[in-house]
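Visitor: Kindly return the folded structure for what I paste below:
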Amino acid sequence: MSDDSRSQRRVTKRLDSFLLRSRDAIANLEAEVTAVLRRLGLRCRADDWSGAFGVASAVFLGMISA
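Guide: Predicted coordinates:
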């Protein structure tokens, strides 16, 4: 096996790991923002936030297509 293919696999693994952590972080942040907005009595804003930005981040991270 060549060094190039090993290096490429290592980079691919690291990028996959980064993408997974990014998805998790965005999901956690969206949940936190939604919870805070609801606690502040801004339920409508919370619903808007969780709907609009959930889709936007999913498109950004390649989870769904635009």
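Visitor: Which helix or strand contains the residue nearest to the spatial centre of the chain?
Guide: For the chain, the residue sitting closest to the mean C-alpha position, by Cα atoms, centre = their mean, is residue 23 at 2.8 Å. Assigned by DSSP states H and E, residue 23 falls within helix 3-39.
Visitor: Ok, residue 48 next?
Guide: Per DSSP H and E: helix 43-60 holds residue 48.
Visitor: Buried by neighbour count: which residues of the helix holding residue 23 qualify?
Guide: For helix 3-39, a neighbour-count test (16 or more other Cβ atoms under 10 Å) marks 26, 30, 34, 37-38 as buried. Every C-beta, even on glycine, is put in place using the N, C-alpha and C of the backbone.
Visitor: By mean pLDDT, point me to the weakest helix or strand of the protein.
Guide: helix 43-60 (a mean of 64; mean pLDDT, DSSP states H and E).
Visitor: what ranges of the protein fall below the confidence cut-off?
Guide: Along the chain, the model assigns pLDDT under 70 to residues 1, 49-66.
Visitor: Let's see that with 80 instead.
Guide: 1-2, 42-66 (pLDDT under 80).
Visitor: Return the residues in contact with residue 47.
Guide: Counting by Cβ atoms under 8 Å, 6 or more residues apart in numbering, residue 47 touches no other residue.
Visitor: quick one: it and residue 37, what's the gap?
Guide: 9 Å (Cβ to Cβ, to the nearest Å).
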